[in-house]
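> Pasting the sequence and the predicted coordinates here, then a few questions.
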Amino acid sequence: MSLLGNFNIAGSALTAQSIRLNTVASNLANAETVSSTAEGTYRARQPQFEAIFSDAMQNRENVGVRVRNVLESNTAPLKQYQPEHPMANDKGYIYLPSVNSIEEMANMISASRSYQSNVEVMNTSKQLLMRTLSLGQ
């Protein structure tokens, strides 16, 4: 693999982690939204990553990671009896998303650290490339 291939790998990882951070932000922003129906309740979303491998026979530098899909949680929403709530249904129930804020914060920290690590990979690759170019001087 060439040194420039490191940029492709780290760049694809940065894109994937950015999507992961956006889904965490969406989950946290909607953690307290209320619905009058179970079907209308926000569902937490998680990206599904997929590794991309190169075809060594064709000498393609197509490696890295990408987001295959963004999956919605199939966890049932939380049902609470609050007849005084303006969003309560005719039986007095409201539905809240089953988003665990603590898990989402841990997921955010993990994605942020992974993002930072890939930025460091790019910076180190850039420094190595610059040193390699300076050898010829």
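Everything's here; your move.

> Could you list the low-confidence segments of the protein?
1-3, 54-61 (pLDDT under 70).

> Name the residue closest to the centre of it, please.
Nearest to the geometric centre of the chain sits residue 20, at 1.0 Å (CA atoms, centre = their mean).

> Tell me who's in contact with it.
47, 67, 107, 111 (CB atoms under 8 Å, 6 or more residues apart in numbering). Yep, even glycine has a C-beta here, placed from its N, CA and C like the rest.

> Try it again at 10 Å.
The contact partners of residue 20, by CB atoms under 10 Å, 6 or more residues apart in numbering, come to 46, 47, 49, 67, 70, 107, 108, 110, 111, 112, 114, 115.

> Which of those fall in strands?
46, 47, 49, 67, 70 (DSSP state E).

> Which parts of the chain are helices?
3-29, 101-134 (DSSP state H).

> in the first one, what's buried?
It stands for helix 3-29. Residues 6-10, 12-14, 16-17, 19-21, 23-24, 26-28 are the ones in helix 3-29 that count as buried (16 or more other CB atoms under 10 Å).

> if we can go back for a sec, which of the contacts of residue 20 count as buried?
Judged by 16+ other CB under 10 Å, buried ones among the contacts of residue 20: 46, 47, 67, 107, 108, 111, 114, 115.

> Dump those residues into JSON lines; add distance to residue 135 as well.
Formatted as JSON lines, the buried ones among the contacts of residue 20 follow (distance: CB to CB, whole Å):
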{"residue": "46", "distance to residue 135": "45"}
{"residue": "47", "distance to residue 135": "41"}
{"residue": "67", "distance to residue 135": "38"}
{"residue": "107", "distance to residue 135": "43"}
{"residue": "108", "distance to residue 135": "41"}
{"residue": "111", "distance to residue 135": "37"}
{"residue": "114", "distance to residue 135": "32"}
{"residue": "115", "distance to residue 135": "31"}
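
> Go through the residues you listed and name the one nearest residue 53.
residue 67 (16.3 Å; CB to CB).
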